[in-house]
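Student: Turn this into a structure:
(3 chains)
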Amino acid sequence: MILYALVLVLLGLGIHGLLAKRNLLKKIIALAILDYGVNLLLIVVGYRAGGGAPILLPGEDPAAFARGSVDPLPQALVLTSIVIGLGVTMLLVAMALRLHQRYGTLDVDRMDRLRG
Amino acid sequence: MDPVLAGLAALVVLGSAAALAMRNLLSAVIAVGIAGMGLAILFLLLGAPDIAITQVVVEVIVVTVMIRAVARTGDEEEGRPRSPAAILAGAGAALVIGGAALAAFAALPPLGAPRPTPSFWYLAESLPGAGAANAVTAIVLDFRGYDTLGEATVILAAVAGALVVARGSGGGAAGERDGAEAAEPAEAPAPAAPAAARGREEAIRAQG
Amino acid sequence: MRRDEEGLSEIVRTVARETLAVILVYGLGLAFYGHLTPGGGFPGGVCAACGLVMAVLASGNRSGFVAAIRGRVAALEAFGALGYLGVAALGWTAGQFMQSSLPRGTPFTPEGAPFLVILNLAVLLKVGAGLFAGFAALVAFGREAPPAGGGEGRA
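Tutor: Prediction:
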């Protein structure tokens, strides 16, 4: 239960940061936190009480392995999702740097004012 | 509850909250790094060593990239806090979204319950079907190889976007400059950065 | 800016130089044994990119070094993508695209699943080179050409 609570808190913090923070880097950090929450949710849903890693060891009984291991499917999805999150973060940081170069600030409100 | 899980969860929450609350951007980036590392240990305890390894190395690069960005832009968060109306609106939105999330979470099965999913097939077939002892790799590369192809394409698109955004000058003449760069790639002198930015970079290095 | 081109101190540079190979081999191992142990092409690629990022940060961007190697990095990424597609296309010999067609050896050895090993290495090249190219672009940001539209002089 505490893990579901953690997921909820991370999602809330991420959404709060995305909406309320005005600094672009803070927004990117909030997106990363939202990412944490989603990834953790998938892993937690795939968790099985007492389950080990979904890796078959030599000599292990395959049938017992299939019954006892945690769910590998969410892990496979999260694995790529994390790396994609990194690529997206890089893209966002590049955009934020470009905006900072253009407007001299990372504050979205001041960017609005400068444009007008 | 398991004290280890509870401690790690507290670490992740504290790191995330501190990252959003701190006004010094460098501290915020380091706090989010702490949260990510705690999350990696959590993944390991939840039976996902693949994810734990990935999370650790990805966190290192994310923090590095963000510290570079902070060094370039200065580490003080600008602007005053939002107006009370905006804070109220944010609180209202948080209540609505939180309520919906609570309702959704209440419908989830309890933690650790066995669920009938295709995972039984994946787990049973990973060695005979794909030759992999690691079921995650079997899914990523064999059973769902098309997904991975698509995800590799997404990474390519994101990185290509970052390259384009970081290279363009923000107004025309991009093609000409590319040609000039190709003509003299190695010894192109770096144009002077704004003096203020340079001073800030030095100051941040001196702190660290 | 000057310190940015020179990199960090001699000690840091030496340590980075000596550990770079270890980190690259670790990333390669993560990918190579990814179907037997935790790891795989994605973490291996990010790990290799980590090592390269460390090398760039420690040794600095001397005489446009980053811009000079970026073309090669992009070529590596294309090589990885072509490798992935090539192995996937080999599946046509077994019936359809993306079908595991290569012969399999004894389980629990690297040659037990050459299909997966090659795909993992292709993903390693693709992810590692792609992420490093992105980082290189951020390092070289604003250094290659002065911005046309008033990017200078801010406080």
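
Student: Correct me if wrong: residue B:16 contacts residue A:15.
Tutor: No - applying C-beta atoms under 8 Å as the test, residue B:16 and residue A:15 come out as separate, 11.9 Å apart. C-beta coordinates here come from the backbone N, C-alpha and C atoms, glycine included.

Student: and the two? which has more neighbours close in?
Tutor: The neighbour comparison of residue B:16 against residue A:15 (other C-beta atoms under 10 Å in any protein chain shown) goes to residue B:16, with 31 against 21.

Student: Restrict whichever strand or helix holds the more buried one to CA atoms and write it as PDB.
Tutor: Secondary structure from DSSP states H and E places residue B:16 in helix B:3-21. What follows is helix B:3-21, C-alpha atoms only, in PDB (Å, rounded to 0.1, in the frame of the first residue of the first chain):
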ATOM      1  CA  PRO B   3      10.700  -0.400   7.100                       C
ATOM      2  CA  VAL B   4      13.200  -0.500   4.200                       C
ATOM      3  CA  LEU B   5      10.400   0.200   1.600                       C
ATOM      4  CA  ALA B   6       9.000   2.900   3.800                       C
ATOM      5  CA  GLY B   7      12.400   4.500   4.200                       C
ATOM      6  CA  LEU B   8      13.100   4.500   0.500                       C
ATOM      7  CA  ALA B   9       9.700   5.800  -0.200                       C
ATOM      8  CA  ALA B  10      10.300   8.700   2.200                       C
ATOM      9  CA  LEU B  11      13.600   9.300   0.500                       C
ATOM     10  CA  VAL B  12      12.000   9.500  -2.900                       C
ATOM     11  CA  VAL B  13       9.200  11.800  -1.700                       C
ATOM     12  CA  LEU B  14      11.600  14.100   0.200                       C
ATOM     13  CA  GLY B  15      13.900  14.300  -2.800                       C
ATOM     14  CA  SER B  16      11.100  15.100  -5.200                       C
ATOM     15  CA  ALA B  17       9.400  17.600  -2.900                       C
ATOM     16  CA  ALA B  18      12.800  19.300  -2.200                       C
ATOM     17  CA  ALA B  19      13.500  19.400  -5.900                       C
ATOM     18  CA  LEU B  20      10.300  21.300  -6.500                       C
ATOM     19  CA  ALA B  21      10.500  23.500  -3.400                       C
END
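
Student: Can you see whether stretch C:17-25 contacts chain B, counting any residue in it?
Tutor: No - shown here: stretch C:17-25 not in contact with chain B (C-beta under 8 Å from any C-beta of the partner chain), separated by at least 9.8 Å.

Student: I meant stretch A:41-57, not that one.
Tutor: Yes - against chain B, stretch A:41-57 shows contacts by C-beta under 8 Å from any C-beta at A:43-57.

Student: count of residues packed around residue 110?
Tutor: All of this is about chain A. Count around residue A:110 with other C-beta under 10 Å applied: 15.

Student: please go with chain B instead
Tutor: 8.

Student: how about the helices in chain B?
Tutor: According to DSSP state H, chain B carries its helices in the segments B:3-21, B:25-45, B:49-73, B:84-106, B:119-125, B:135-137, B:145-167, B:174-183, B:195-207.

Student: now the helices: where do they sit in chain A?
Tutor: Going by DSSP H, chain A shows helices at A:2-20, A:24-45, A:62-68, A:72-103, A:108-115.

Student: Generate a markdown table for these, with distance to chain C as supplementary columns.
Tutor: A markdown table is the format used below for the helices of chain A (distance: least, C-beta to the nearest C-beta, whole Å):
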| stretch | distance to chain C |
| --- | --- |
| helix A:2-20 | 21 |
| helix A:24-45 | 13 |
| helix A:62-68 | 11 |
| helix A:72-103 | 4 |
| helix A:108-115 | 11 |
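
Student: Select, out of these, the one closest to residue C:35.
Tutor: Proximity to residue C:35, assessed across the helices of chain A by C-beta to C-beta, is greatest for helix A:72-103 (12.6 Å).

Student: Centroid-nearest residue for chain A?
Tutor: residue A:35 (1.7 Å; C-alpha atoms, centre = their mean).

Student: That one contacts residue A:86, doesn't it?
Tutor: No - assessed by C-beta under 8 Å, residue A:35 is found out of contact with residue A:86, at 9.4 Å.

Student: so how far is residue B:166 from residue B:68?
Tutor: Note on residue B:68: its distance to residue B:166, by C-beta to C-beta, to the nearest Å, is 11 Å.
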